[in-house]
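Undergrad: Provided below for reference: sequence and predicted model.
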Amino acid sequence: MECFTKGFPKTAETWFVYLALSTIVSILALILQLILIIFIVGCRAYRDAGVIGKHHFTINEAGLFEKTNVNESRHAWESISDIYVFFGYLFIKIGNGQFYVIPKNSFSVTENFEKCIETVRNYHRNAKNK
């Protein structure tokens, strides 16, 4: 191997140093990659105005409707994979790794958030049971 110009390490201490250095370099590379991903996603989200900004949702028996200033979309309840509630957020899974995330604080009253969850779950359950 080219990296061991004087032969393989012969002591446990030398192996430990190589292992520790490679672990540190790997962690630094992962951190750099994470920073780059956050930067790229942030720039793209800023450029695509429909990703970040106001989203208006309408829920009825036909499905879930979303409207932004650049896009409108409709998802039939049959096409929605799953629904989760986690730490004050309603997650509506619309595809592989794609979610609509509706925070509790987007409702003026907590009871309206709870009613929204119940309504979404009922529509989804009824569509899956057809």
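TA: Right, received. Where do you want to start? Numbers count the residues shown, from 1 in each chain.
Undergrad: mind listing the helices in the chain by residue range?
TA: 12-47, 110-128 (DSSP state H).
Undergrad: Which positions in the last one come out as buried?
TA: Of the residues in helix 110-128, those scored as buried under the neighbour-count criterion (16 or more other CB atoms under 10 Å) are 113, 116-117, 120, 123-124, 127. Backbone N, C-alpha and C define where each C-beta goes, glycine included.
Undergrad: tell me the average confidence for that helix?
TA: With pLDDT averaged residue by residue, helix 110-128 scores 94.
Undergrad: Quick one: residues in contact with that helix.
TA: Contact partners of helix 110-128, identified using CB atoms under 8 Å, 6 or more residues apart in numbering, comprise 59-61, 63-64, 76-78, 80, 83, 85, 90, 92, 102, 104, 107.
Undergrad: repeat that for 10 Å
TA: Helix 110-128 is contacted by residues 57, 59-64, 76-85, 88-90, 92, 100, 102-107, 109 when judged by CB atoms under 10 Å, 6 or more residues apart in numbering.
Undergrad: who are the neighbours in contact with Glu78?
TA: 63, 124, 127-128, 130.
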